[in-house]
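Novice: missing the sequence, but the structure's below:
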Ligand code: CMC
């Protein structure tokens, strides 16, 4: 892979308008409204867009506006605290751009998702997971030579060091596979010290191999965690199988019998992985960037990403969808009661709503169709799918959901497909982690290769006790 290809499109979010070049600009413009003569000063300023912030003491602070390549606009507050003492308060970061990135673009209002400029609908129709992973990591679709080199690297990295088998033996049967996966990904770095050295240049020099082996081994470790829990022998990867097929082989083949899934099943799994490959600054990806900003290596950073993904509001949602559908079915409900309970605030409809998509989730639309195809080809009449479809229809026509812009998200359908494929529910977030690996890797690289990167260190608004004197133990009442 040539360096030129790896550097990606020349279109960083701030291409040609590096926000850091504006620090002196905003600093110059900290002015008082009282000095009317300053309007002359403002008038000779560059015509670049800017915002004005009127502070409680009447002073006006002028802030540059950063415009992305898709014309999204952000007020650059980086000089705010230094020059005014104020910070911004944005609990949950819903209004905060934590970085500029050239990997993924989302327009949540319009239901748009693009990786490196390519529409998710086109990638879903034309591409495969490994090719999209390459695109996300390196910025361009691979040419045939690049793709076969990347594939060869991924295939030849599929096995894990035999020493790691011992780790698996130590986990109790009750272990959640996400706990195992997170621990194993961090441990993996120990076997590749040259890739996890915490020496910036060395880690960067080995990046291509580290990226390919993480994409490959996360799948092996995931299958091993599944088989450990069930007391089954590990199945070694095969050189001749495609990415998703190799995963299914390591999950479901036995030493005495090969598992031969239908092509539709392999394709559906590949599609699920691809649709999860990156999703901008979600909780786990932001976590990876946060960890990377301290200079931590790729293995440590993606291991933290797995932990962040585990939560039910993020990667755990696809499992929660199935549990919810099973609940509804077991209670004899057809979905109506669940909807009423959600409207009363008694429960959430898992798989509905998204922090960013406020129109529809384009991945859900693609997977909704795929779910129907897979179930038909496998001849499965899943009552849960019927309940899911009823929920979807009811929610799409109900004012509670319409007014709050709550639409089915990607997890709503991925859970149904994974269930049909035979993936157990506790492995659902693991599947999400396998799919999200390219996005984590690409985001790690953006941070690690940025010479201007600062350690991520947000501020807070403190609302605890004010200063007080220490009380000796005998002076404290029970
Ligand atoms: N069911 C019922 N009501 C909901 C739901 C839901 N799934 N989601 C949000 N609401 C209501 C919520 O009660 C609130 O109502 P009100 O205004 O009356 O108080 C309103 O909608 C806004 O909710 P919010 O919590 O402020 O919205 P958010 O943007 O912070 O949360 C979310 C986004 C995804 C965490 C949330 O919609 C949710 O919990 N969904 C279910 C879990 C889920 O499916 N998560 C997967 C997300 S997609 C995977 C990924 O990309 O990570």
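Specialist: Thanks, I have the structure now. Not measured: the values here are computed from a predicted model.

Novice: Report the residue ranges of every domain in the chain.
Specialist: What automatic domain parsing lists as the domains of the chain is 11-100, 119-451.

Novice: Just give the closest residue to the residue of the chain found nearest the ligand, not the sequence neighbours.
Specialist: Here the chain gets closest to the ligand at one residue, residue 353, 2.3 Å apart by CB to the nearest ligand atom. In short, each C-beta sits where N, CA and C put it, glycine included. Among residues not flanking residue 353 along the chain, residue 406 sits closest, at 4.4 Å (CB to CB, 6 or more residues apart in numbering).

Novice: do the same with residue 366
Specialist: Among residues not flanking residue 366 along the chain, residue 124 sits closest, at 4.8 Å (CB to CB, 6+ apart).

Novice: Counting neighbours, what do you get for the one you found?
Specialist: Neighbourhood size, residue 124 [other CB atoms under 10 Å]: 19.

Novice: Next SSE downstream of the helix or strand hosting it?
Specialist: In the assignment (DSSP states H and E), residue 124 maps to helix 120-126. Moving toward the C-terminus from helix 120-126, the next helix or strand (DSSP H and E) is helix 129-138.

Novice: which other residues reach that next one?
Specialist: Helix 129-138 is contacted by residues 1, 5-6, 8, 103-104, 115-116, 118, 123, 127, 141-142, 146-147, 150-151, 154, 211, 215, 243-244, 270-271, 273-274, 277-278, 435, 437-439, 441-442, 445 when judged by CB atoms under 8 Å, 6 or more residues apart in numbering.

Novice: per-residue confidence averaged over that helix?
Specialist: Per-region confidence: helix 129-138 scores 98 on mean pLDDT.

Novice: Check the closest residue to residue 265 other than its chain neighbours and give its pLDDT.
Specialist: Distances taken as CB to CB, 6+ apart put residue 421 closest to residue 265, at 5.4 Å, once the chain neighbours are dropped. According to the predicted model, the pLDDT of residue 421 comes to 88.

Novice: again, but for residue 101
Specialist: Residue 101 carries a pLDDT value of 97.

Novice: does it really touch residue 444, like I thought?
Specialist: No - applying CB atoms under 8 Å, one finds residue 101 not in contact with residue 444, separated by 11.7 Å.

Novice: out of the two, which sits in the more crowded spot?
Specialist: The residue with more neighbours, out of residue 101 and residue 444, is residue 444; 30 against 20, by other CB under 10 Å.

Novice: wouldn't the more buried one be in contact with residue 301 here?
Specialist: Yes - Residue 444 lies in contact with residue 301 (CB under 8 Å); the separation is 5.0 Å.

Novice: Now the common contact residues for these two.
Specialist: Residues touching both residue 444 and residue 301 (CB under 8 Å, 6+ apart) are 288, 292.

Novice: Run through the residues that contact residue 222.
Specialist: Taking CB under 8 Å, 6+ apart as the criterion, residue 222 is in contact with 177, 181, 247, 427, 430, 431, 433, 434.
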